[in-house]
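> Take a look and give me a structure for this.
(chains A and B)
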Amino acid sequence: MPEFQTLPGFREFYPEDLARRNHVFRLWRQAANAYGFAEYDAPVLEPLDLYRAKSGEEIEGQLFSFTDKGGREVALRPEMTPTVCRLVGERAGSLKRPIKWYSIAEFYRYERMQKGRGRCFSQFNADIFGESGPEAEIELIGLLIQCMRGFGLTSADFYVRLSDRNLWVYYLASLGLNDAKTSAMLSAVDKYEKYADDAFKAYITEFGSLDEGLKAKVLSFLKINSLSALKALIAEQASSEKLTARLADWEKVLGGLDAMGLSEFVSVDLGVVRGLAYYTGFVFEAFDRKGELRALAGGGRYDNLVKKLGGPDLPAVGFAIGDMTFGLLLEERGLMPTIVKAPDIYVVIGGELERKVAFGAISSLRALGYSVDYPFKDLGFGKQFKAAAESGAKLALIFGSDEVAKGSVKIRDMAVRSEEEIARSELESTVREFFSK
RNA sequence: GCGGUCAUAGCUCAGUUGGUUAGAGCACAAGAUUGUGAAUCUUGGGGUCGCGGGUUCGAGUCCCGUUGGCCGCCCCA
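Sure thing, here's the model as predicted:
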């Protein structure tokens, strides 16, 4: 056992682990690029107040926070949203809209570890600022789906549950609930899937009782799982113009996603409201179809947050995918590749004299961008060919005493085990030709 | 913050009612092998048995504590 252990909940990435992480990041970047999002990054350490302002004082218990040597209260970032709100807010006046940004970054939360959750993790974050209409939701949900589809996951593997806090607020208002009751009821809705009727306990504690008729209406709304069911319920209880008007936004979002060919990935599901109070419209979460894992991704509209954090009034919608649960899903589906780091070329060297000649060729091939490896110590040819085969190189070059004396080099195609002797002057062009096939 | 469970080599594990110097496979390295491919054989490095205390003539083994892993609860931006 090493004297100094890794801090609890932190991860180390040995080369194979990092190769897998890089693979995930690369496909996320590819998806974001395809959707026209620009990548940004920002400090890992932020003023503690940034998170207090967004989430309240109680957030501090779950942060890696401390006082720095200048007496500043700081925290390792637990999420990207406040940071990106600041970045965009500061330059909102000069950024072309819509502002479509993404980042891939590591985050830190001081909490208990569980499957799919650690104290440090990476997230892909994507946000659209400056568009209040549902067009932003279409684009963002499309990107979310592509971020998973790009790995070979299908609609049999995951889906996005789409809901809307506006609908809930309008609906509860039409049932006569005030703001306090609405917020308590949303919290109950959020918990209903897990706790069933017990989810209403907090509401009852706070407001004395829960009318059975009201509860039935809330439950029937919560169980809506299609646009037609939503329309029917609203038509039946049409007591709010806002509700009816909101249906047009739903038509747009679902219609847009359908036109993109993505409707099989999206379910209407008003049982999702997300716990966070700052969401102001559509909210969505991605889950594995089997329901074995915690949420893969989550997001929604937060039109008031940029302003709340000191920026201009700027509508926004965003989501994040965490790397831990997503990685578990890829592994379960056998979609996490075993990435083997192999050089293009392995060089077999006869001895000390030949090594000097070989170094010239190695250096020039490397300058051309080929990945070239060779043994540090003089080894028998048998060992070297074994090493060449184990390295995974596609080509082996042989600088033995015979070849060096003749000014030639043998070039061996490792896959078909065929060899050809060429003049050293032809090496670069021969290699180039081989790899262009 | 709470509960359950586990901890022996880089990895997977064995280790008798407590008894000599803690083992195996895989992996790694050297040699057999100074001109050709994942084999084979030989050899080697690598352990304060998570850490600390206790019981005992004697602890990897039993007891207590602690740290860490895993699983769950709370929470989940």
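
> So stretch A:113-124, near RNA strand B or not?
Yes - legend: contact between stretch A:113-124 and RNA strand B by C-beta under 7 Å from any atom of the strand is shown at A:113-115, A:117-118. In this view, the C-beta of every residue, glycine as well, is placed from N, C-alpha and C.

> What about those, which one has the most neighbours?
Using other C-beta atoms under 10 Å as the neighbour test, the residues of stretch A:113-124 next to RNA strand B are led by residue A:118, with 19 neighbours.

> Nearest residue to that residue in space, please, no chain neighbours.
Leaving out its chain neighbours, the residue that sits closest to residue A:118 by C-beta to C-beta, 6 or more residues apart in numbering is residue A:9, at 4.5 Å.

> Give the helix, strand or coil label for the one you found.
What DSSP: H, G, I helix; E, B strand; the rest coil gives for residue A:9 is coil.

> how close does it get to residue A:293?
Distance, residue A:9 to residue A:293, by C-beta to C-beta, to the nearest Å: 18 Å.

> Kindly check the end-to-end length of stretch A:99-118 for me.
By C-alpha to C-alpha, to the nearest Å, the extent of stretch A:99-118 from end to end equals 31 Å.

> in it, what counts as buried?
For stretch A:99-118, a neighbour-count test (16 or more other C-beta atoms under 10 Å) marks A:99-105, A:107-110, A:116, A:118 as buried.

> roughly how far is that stretch from the heart of the chain?
9 Å (C-alpha atoms, centre = their mean, to the nearest Å).

> Out of the buried residues of stretch A:99-118, the closest to residue A:310 would be?
For the buried residues of stretch A:99-118, the closest approach to residue A:310 (C-beta to C-beta) belongs to residue A:99, at 17.3 Å.

> where in chain A is pLDDT low?
A:1-3, A:238-239 (pLDDT under 70).

> and the residue of chain A found nearest RNA strand B, how many residues sit next to it?
In chain A, the residue found nearest to RNA strand B is residue A:400; the distance is 2.3 Å by C-beta to the nearest atom of the strand. Neighbour count for residue A:400, taken as other C-beta under 10 Å: 18.

> Would you map the helices across the stretch 151-300 of chain A?
Using DSSP state H, counting those that start in this stretch, the helices of the stretch 151-300 of chain A run over A:165-174, A:179-195, A:201-207, A:212-222, A:227-236, A:241-259.

> can you list the domains in chain A?
Annotated domains of chain A cover A:15-332, A:345-435 [automatic domain parsing].

> my guess is the residue of chain A closest to RNA strand B meets residue A:381, correct?
Yes - between residue A:400 and residue A:381 there is a contact under C-beta atoms under 8 Å: 7.5 Å.

> got any residues that touch both of those two?
Shared contacts of residue A:400 and residue A:381, defined by C-beta atoms under 8 Å, 6 or more residues apart in numbering, are found at A:348, A:350.

> what comes up buried for stretch A:114-134?
Residues of stretch A:114-134 classed as buried by neighbour count (16+ other C-beta under 10 Å): A:116, A:118-119, A:121-131, A:134.

> Return the subset of the buried residues of stretch A:99-118 lying in strands.
A:99-105, A:107-108 (DSSP state E).

> Would you format these as JSON lines with distance to residue A:158 included?
Shown next, in JSON lines, are those (distance: C-beta to C-beta, whole Å):
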{"residue": "A:99", "distance to residue A:158": "27"}
{"residue": "A:100", "distance to residue A:158": "23"}
{"residue": "A:101", "distance to residue A:158": "24"}
{"residue": "A:102", "distance to residue A:158": "19"}
{"residue": "A:103", "distance to residue A:158": "22"}
{"residue": "A:104", "distance to residue A:158": "19"}
{"residue": "A:105", "distance to residue A:158": "23"}
{"residue": "A:107", "distance to residue A:158": "22"}
{"residue": "A:108", "distance to residue A:158": "26"}
